[in-house]
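Student: How does the following fold in three dimensions:
(chains A, B, C and D)
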Protein chains: 2
Amino acid sequence: MTEKTPLKKRSRARGHGANDTGFLDGFLLYLLARASAEASADLHDMVRKRGLSVPEWRVMFTLHDGPCTVGEMAAHTLMQQPTLTKLLDRMETAGRVKRQVDPADGRRVLLTLTPTGRAHNDALMPLSKDYEAGLLAGYTPAEVTALKTALRKLIDRGN
Amino acid sequence: MTEKTPLKKRSRARGHGANDTGFLDGFLLYLLARASAEASADLHDMVRKRGLSVPEWRVMFTLHDGPCTVGEMAAHTLMQQPTLTKLLDRMETAGRVKRQVDPADGRRVLLTLTPTGRAHNDALMPLSKDYEAGLLAGYTPAEVTALKTALRKLIDRGN
DNA sequence: TCATATCATATGAATTTTCATATGAAAAGG
DNA sequence: CCTTTTCATATGAAAATTCATATGATATGA
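Tutor: Numbering: from 1, shown residues only, chains lettered A, B, ... in the order given. Here you go, the predicted structure:
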């Protein structure tokens, strides 16, 4: 009877027990991981509702910006290469992406979206933009810029 | 001969092909996920070198701040509950954590560190602090505060 | 131009995670 | 009380991920 509300189930889990003012709460890597997970949760639910897993969606979103090789994709989507290869097998079977050997270098495989994949993507793109806008509603433009700059700095530091 | 350098292998993967100035590079959720992954990578490598998986380490780190239930732990470590239950099975077998039914509520299970677990933890704690200090070296204290505040805001927004 | 080293992706067995659901404990209602 | 509902954790089969390594393509050097 209860309509089943899969969205927003990860809501409480805070405010009691221990773990509220401990070491972790000031630890940058924890804040990053948790902010990333919490901020993405609802969008990820929407993505799954449309029949895509989050890794699949990441792959397709990356391809929106143009084709790339398997290795580049692995780095971009934060996956290990064998994990990605197997995901690509499934996505190729599902008709969402296409693999073709790079004519310039027979070791590389170039990935592109199929029309089907592009359609999925186009449907999700505005959704994602709206979602991000909603997330950032409580911040001033300066704050947003500062946050993104700081994040980019962290990313580059790793490379 | 080459000493094997497992650290810092995820280094290039940027600067060519497409995907350098596309949609993704400005997308907050992408920046968050990637910053989290890149910033943590080397510490995670150190953790694994000491014989812990990253999820195990997260569980133990959380317990450093005090005992908690399985559900609280799942929320804190960003895992699904069945995933955590099975991880706990392994960690209990390995002698790192202890489970005991909450005397106040027979449904809940309270988690604590064993002495062995605590020892691992104590060894990793200073390492983690140093690592974070290194990460934040390029930022002013004000920037650090602003970043952490922004991240906390994102976390709270989800709840 | 052959070895040989290196690089990019694929493969397979073992491990881990997930999804759906079961189990058992407390709360609520009659 | 006794039934029903809700809550917290566990379980089991299926799916995805990982680790180590294989495969096949391209540089490199004698």
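
Student: What number of residues are in the vicinity of the residue nearest to A:Leu78 when sequence neighbours are not counted?
Tutor: By the measure of Cβ to Cβ, 6 or more residues apart in numbering or on different chains, the closest residue to A:Leu78 outside its immediate chain neighbours is B:Ala37, 4.6 Å from it. All C-beta atoms are positioned from the backbone trio N, CA, C, and that covers glycine. The number of residues packed near B:Ala37 is 21, by other Cβ atoms under 10 Å in any protein chain shown.

Student: before we move on, which element is B:Ala37 in?
Tutor: When secondary structure is defined by DSSP states H and E, B:Ala37 falls within helix B:28-49.

Student: if you skip the residues just before and after it, what's nearest to A:Val101?
Tutor: Once flanking residues are discounted, A:Val101 sits nearest to A:Val109: 5.9 Å by Cβ to Cβ, 6+ apart.

Student: Which residues are in contact with that neighbour?
Tutor: Contacts for A:Val109 (Cβ atoms under 8 Å, 6 or more residues apart in numbering or on different chains) come out as A:69-70, A:99-102.

Student: Recalculate using a threshold of 7 Å.
Tutor: Taking Cβ atoms under 7 Å, 6 or more residues apart in numbering or on different chains as the criterion, A:Val109 is in contact with A:69-70, A:99, A:101-102.

Student: from those residues, which ones fall inside helices?
Tutor: Counting by DSSP state H, the members of the contacts of A:Val109 that fall within helices are A:Val70.

Student: ok so, going back, what packs against the helix holding B:Ala37?
Tutor: Contact partners of helix B:28-49 among helices and strands, from 3 or more Cβ pairs under 7 Å, 6 or more residues apart in numbering or on different chains; DSSP states H and E: helix A:28-49, helix A:115-135, helix A:141-158, helix B:54-64, helix B:115-135.

Student: buried residues in that helix?
Tutor: B:28-44, B:47 (16 or more other Cβ atoms under 10 Å in any protein chain shown).

Student: Point out where chain A drops to low pLDDT.
Tutor: Low-confidence segments of chain A, defined by pLDDT under 70: A:1-21, A:158-159.

Student: Spatially nearest residue to the residue nearest the centre of it, not counting backbone neighbours?
Tutor: Centre of chain A computed as the mean C-alpha position; nearest residue by Cα atoms, centre = their mean is A:Arg58, 4.8 Å away. With sequence-adjacent residues excluded and distances taken as Cβ to Cβ, 6+ apart, A:Arg58 is closest to A:Thr77, at 4.3 Å.

Student: What parts of chain A come near DNA strand D?
Tutor: Contact residues (Cβ under 7 Å from any atom of the strand) of chain A with DNA strand D: A:53, A:55, A:79-80, A:82-83, A:86-87, A:90, A:105-107.

Student: Compare those residues and tell me which has the most neighbours.
Tutor: Top of the residues of chain A next to DNA strand D by neighbour count (other Cβ under 10 Å): A:Leu87, with 20 neighbours.

Student: State the distance from that one to A:Pro126.
Tutor: Using Cβ to Cβ, to the nearest Å, one obtains 25 Å as the distance from A:Leu87 to A:Pro126.

Student: Stretch A:147-157 near chain B anywhere?
Tutor: Yes - looking at stretch A:147-157 against chain B by Cβ under 7 Å from any Cβ of the partner chain, the contacts come from A:147-148, A:150-155.

Student: Looking at these, which is nearest A:Glu132?
Tutor: Looking at the residues of stretch A:147-157 next to chain B and their distance to A:Glu132, the nearest is A:Lys148, at 10.9 Å (Cβ to Cβ).

Student: Not counting sequence-adjacent ones, nearest residue to the closest one?
Tutor: The spatial neighbour of A:Lys148 that comes closest, neighbours along the chain excluded (Cβ to Cβ, 6+ apart), is B:Leu31 at 5.9 Å.

Student: who are the neighbours in contact with that neighbour?
Tutor: With contacts taken as Cβ under 7 Å, 6+ apart, B:Leu31 has the following neighbours: A:148, A:151-152.

Student: For DNA strand C, which of the helices and strands packed on helix B:28-49 is the nearest?
Tutor: For these, proximity to DNA strand C was assessed by Cβ to the nearest atom of the strand; helix B:54-64 is nearest, at 4.8 Å.

Student: Fine by me, we can end here.
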